[in-house]
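Visitor: what follows is a protein structure lacking sequence information:
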């Protein structure tokens, strides 16, 4: 038989876990402004599929001086025919050649961040 103390302890643990999960920041996709343009010259401010303005690296390039897995600075979008493109936060430079810069498998070291745009568009 389970004691009341055990039940209360498990309940408090569950609630604290839920609170932590709810307050843990989720990665976001910072938008750019086109007037004035706040993107680096290597990643112009572009309309991402008619939904948001994002700074886009040239195909085959990723953020310079940033860990490839840092989704606060760079990410890819899981959109057909654009999976190879890397998007970055405003002001981030895109002069680093991806590990594999060619074709649909380009820049796989940079993770997808799916909450940036909805595809197909709403």
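Guide: Received it, and whenever you're ready, just let me know what you need. The structure presented is a predicted model; accordingly, all values stated were derived computationally and were not measured.
Visitor: against residue 51, how distant is residue 42?
Guide: Residue 42 sits 23 Å away from residue 51, taking Cβ to Cβ, to the nearest Å as the criterion. (Glycine included, C-beta is placed from N, CA and C.)
Visitor: those two: which is more packed in?
Guide: Set residue 42 next to residue 51 and count neighbours by other Cβ atoms under 10 Å: residue 42 wins out with 18 against 14.
Visitor: and that one, its phi and psi?
Guide: Dihedral pair for residue 42: phi -80, psi 0, per degrees, to the nearest 10.
Visitor: the one 5 residues further on too?
Guide: Phi and psi for residue 47, reported as degrees, to the nearest 10, are phi -70, psi 120.
Visitor: the residue lying closest to it once chain neighbours are set aside: neighbouring residues, count only.
Guide: The spatially closest residue to residue 47, leaving aside those adjacent along the chain, is residue 53, at 6.1 Å (Cβ to Cβ, 6 or more residues apart in numbering). If you count neighbours by other Cβ under 10 Å, residue 53 ends up with 17.
Visitor: and if you look at residue 87?
Guide: Around residue 87 there are 28 other residues, counting by other Cβ under 10 Å.
Visitor: now swap in residue 39 and tell me
Guide: 24.
Visitor: what strand or helix carries it?
Guide: Counting by DSSP states H and E, no helix or strand carries residue 39.
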